[in-house]
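S.K.: Sequence plus the predicted model coming up.
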Amino acid sequence: MSTKKTPLIFILILLIAGCSGIPTAATLAPAPEQPTEVPVVTAIDIEADPDETAPAATEGPASAAADTPVIPASTSAVCVPAASHPDLAYTTFQTFPQAILDYLNAGASPEELAVTLIIYQLGPEEQPVWAEDLTGDNLREVVVTVSDQEQINQGALLILNCVDGQYQLSHTVITNQDALAPRLRHVQDINADGLHDVVFSSTNCGAHTCFEDLQILSWEGEQYVNKLEGSTLDYPYPDIKLTDFDHDGIYHLEVTGTVIASVGAGPQRNTVNIWHYDPAATTWKLSEQFYAASDFRVHQMHDAEDAMDRGEYQIASLLFQQVIEDDALLDWADPETERAYLSAYSYFKQIVAAVALGDRVTAQNLYQQLDELYGVSDQYAYVDIAYVFLSDSETQGLDGGCAAAIQYAGTNKAVILDPISSTIFGYANRDFEPEDVCP
């Protein structure tokens, strides 16, 4: 489905042909200059249909309307035929839905509405209006996003259904005062049920960071329903994609959370979260979550910990070895001290992994290395906890050794756990509890 931009000359042709919908200064005063919104690092990629060829772009004269996006072509019939009509009558944000309804029902085209909203800063510049059949009756509905001129952090998404040759306002979403106006992402059938779905989001910004609240609206015979289970508001400055790698017409929603814009959050890594469509429930459900790769040493240690929790002791030991030896890994505020604590802890966890694999010779060799490197240092406690673990595991097995290590970690949390937790690495990173030192 094409998202090419509408050239100004096309708009002028419409107007010359008799579609007189651009308001005059007497009927609609330009919006006052608004402060720039907080930039949101976010994107949506809809994988293109390999059988669809987009038309070439036509450049028009530079102007406020030159980059107006064209409303994607639809094979469905128009709801209200084009006719001579009054200008858009806008008074307040509260009355705007009715004003838009009257404007379209009088014979204005969705293209005219899009141009009007952009010129008078009442809608987003990239795509304020879509016209497509959403209900399966082969008549185009109109989806509109509008902004409040007086409340910058507020706006609405409107869906106007075609009923008996006239538009009716069928769905309204009003953002709260903590969110920016909705952004219309895409209108497309993304679950292969023959009906187009409406994908939109609103941006919520705190003191440092912005988040996106995404919804997928589908028509269910009498109303539009949000088909996205859960929330996307946990992922800072998200990169949002709809993907259909097997070309079956059913799209997955992939939301990659990036970084919190605060030094206190510490070193961070992206998180990838994927919603898959569930045909039985007809909803998108969060089904995959994982961390993206990271160059930070502390994150390498987190990956090693996760492998230990899964019982993958050989993989975990190799990852802990990278924490100890890899000079290319990045440290944070105090590289030398941080690396010493992470390395000493990694030696201890390698000892645990070796015992879990039944290799006490390797466990003993690792303990000797740990003792030689950190026995007389600020990291001495890791030597002690390794000694306690080895002693008790020799007589009571892995479970006995772990019980002793957990008890030691609980008693000595300040020197065992705090140096590898968020106290040092920032609130975006994980904290460790005594139970985490052993599988």
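M.R.: Here it is on my side, so go on.

S.K.: Regarding the residue nearest to residue 180 when sequence neighbours are not counted, what is its secondary structure?
M.R.: Leaving aside its sequence neighbours, residue 180 sits nearest to residue 203 (C-beta to C-beta, 6 or more residues apart in numbering; 4.2 Å). (Glycine included, C-beta is placed from N, CA and C.) Put simply, residue 203 is strand when judged by DSSP: H, G, I helix; E, B strand; the rest coil.

S.K.: Equivalent analysis for residue 392, please.
M.R.: Assigned state for residue 392: helix (three-state reduction, three-state DSSP).

S.K.: who's the residue nearest to residue 180 bridged to?
M.R.: Listed by DSSP bridges, the beta-bridge partners for residue 203 are residue 212.

S.K.: do you know how far it is from residue 210?
M.R.: Separation of residue 203 from residue 210 (C-beta to C-beta, to the nearest Å): 5 Å.

S.K.: Repeat that for residue 273.
M.R.: On the measure of C-beta to C-beta, residue 273 and residue 210 end up 17 Å apart.

S.K.: Now the phi/psi pair for residue 285, please.
M.R.: Here is the backbone geometry of residue 285 (degrees, to the nearest 10): phi -120, psi 140.

S.K.: does it really touch residue 279, like I thought?
M.R.: No. Applying C-beta atoms under 8 Å as the test, residue 285 and residue 279 come out as separate, 11.0 Å apart.

S.K.: Please identify which of these two sits among more neighbours.
M.R.: Per other C-beta atoms under 10 Å, whichever of residue 285 and residue 279 has more neighbours is residue 285, with 15 against 10.

S.K.: What strand or helix carries residue 352?
M.R.: helix 335-356 (DSSP states H and E).

S.K.: cool, residue 214 as well?
M.R.: strand 210-219.

S.K.: CA-only coordinates of that strand in PDB, if you can.
M.R.: Included here for strand 210-219 are C-alpha records, laid out as PDB according to Å, rounded to 0.1, in the frame of the first residue of the first chain:
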ATOM      1  CA  CYS A 210       9.000   9.100  26.100                       C
ATOM      2  CA  PHE A 211       6.900   5.900  25.700                       C
ATOM      3  CA  GLU A 212       4.300   4.800  23.100                       C
ATOM      4  CA  ASP A 213       0.900   3.500  23.900                       C
ATOM      5  CA  LEU A 214      -0.100   1.400  20.800                       C
ATOM      6  CA  GLN A 215      -3.500   0.100  19.900                       C
ATOM      7  CA  ILE A 216      -4.800  -2.100  17.000                       C
ATOM      8  CA  LEU A 217      -8.500  -1.400  16.400                       C
ATOM      9  CA  SER A 218     -10.700  -3.900  14.500                       C
ATOM     10  CA  TRP A 219     -14.400  -3.700  13.600                       C
END
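
S.K.: model confidence over it, on average?
M.R.: Mean pLDDT, strand 210-219: 95.

S.K.: Distance from it to the middle of the chain?
M.R.: Counting by C-alpha atoms, centre = their mean, to the nearest Å, strand 210-219 is centred 10 Å from the centre of its parent chain.

S.K.: before we move on, what about stretch 242-256?
M.R.: Counting by C-alpha atoms, centre = their mean, stretch 242-256 is centred 14 Å from the centre of its parent chain.

S.K.: before we move on, what about stretch 261-275?
M.R.: Distance, stretch centre to chain centre, for stretch 261-275: 11 Å (C-alpha atoms, centre = their mean).

S.K.: same question, stretch 388-396
M.R.: Mean-position distance between stretch 388-396 and its chain equals 46 Å (C-alpha atoms, centre = their mean).

S.K.: Check stretch 366-382 too.
M.R.: On the basis of C-alpha atoms, centre = their mean, stretch 366-382 sits 43 Å off its chain's mean C-alpha point.
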